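**Q** How does the following fold in three dimensions:
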Amino acid sequence: MKRAITLMELILASVLLMTIILSATSLDIATRYFFKSSDLKTKVLNEASLITEHIAKSALFSVGEGGLKVSADDGDITKRAFSVSADGKRLKIRQDLRSDNNYYQSLDTPQNFNNDRCVKYVFDSTAHTVTYYKYSSHNCTGNPLQSIILTKKLMDLSAGEYLSYNAGANPFRIAVFLKLRHNPAKAADPKANPEVELKTALFVH
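**A** Numbering: from 1, shown residues only. Modelled structure (predicted):
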């Protein structure tokens with residue numbers, strides 16, 4: 001004789017099934033949330049890495065007498081390979097490259113400073129940008145031939161500078177410190193609005 005399913009057993013089975021479904025749903029939501037926050041942080045970190053790589057690529061083609069009063073950003077880098085501003089927000093790099101194209105085509109005239117081109121990186125925490133400029137002049141004067149905004153996520157540094165240079169320690173080393181936030185207009189949140197910091201050293205000349 002078959003035993004009939006009682007109402008209590010049916011209720012218990014339903015509750016158990018709902019508990020399993022809710023647990024699986026909660027786990028799925030938590031997993032998706034975790035991966036989303038990790039993905040946001042990875043994107044911000046990648047953006048910071050691309051900026052340092054962009055500067056490093058420009059530094060590879062620097063030419064000049066690095067270490068010659070490079071910390072004084074007076075606009076005159078005639079004999080300098082690079083110049084870091086006193087406030088740590090601007091970097092100029094002089095290159096023995098053609099200025100009439102977007103390619104890295106060498107002039108092979110390191111002894112002639114006047115036909116070199118100059119590139120500049122400007123760190124603006126107010127606009128949250130890092131901007132790249134390319135000039136036809138050797139000292140970054142005049143109107144730029146090209147400008148590219150590398151990021152719109154730059155944050156202000158509570159301590160330190162974006163760019164720092166110490167001629168005594170190493171005349172050819174520039175320290176670059178970046179702080180980026182996914183959405184600069186909102187408060188930092190490790191899950192919903194991650195913020196990353198990246199510090200690296202570049203060698204020029």
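**Q** Do a quick rundown of the helices in the protein.
**A** 7-60 (DSSP state H).
**Q** separation between the residue most central in space within it and Leu154?
**A** The residue lying closest to the centre of the chain (Cα atoms, centre = their mean) is Ala48, at 2.4 Å. Applying Cβ to Cβ, to the nearest Å, the value for Ala48 to Leu154 is 9 Å. Glycine gets a C-beta too; all of them are placed from N, C-alpha and C.
**Q** and if you look at Ala185?
**A** 12 Å.
**Q** These two - which one has more neighbours?
**A** Leu154 (25 against 7; other Cβ atoms under 10 Å).
**Q** Please give the number of neighbouring residues around the nearest residue to that one once chain neighbours are set aside.
**A** With sequence-adjacent residues excluded and distances taken as Cβ to Cβ, 6 or more residues apart in numbering, Leu154 is closest to His128, at 4.7 Å. Neighbourhood size, His128 [other Cβ under 10 Å]: 19.
**Q** wait, His128 sits on Lys186?
**A** No. Taking Cβ atoms under 8 Å as the definition, His128 is not a contact partner of Lys186, at 11.8 Å.
**Q** Pairing partners for the residue lying closest to Tyr135 once chain neighbours are set aside in the sheet, please.
**A** Spatial nearest neighbour of Tyr135, excluding adjacent residues (Cβ to Cβ, 6+ apart): Cys118 at 4.7 Å. Per DSSP bridges, the residues bridged to Cys118 are Arg94, Tyr135.
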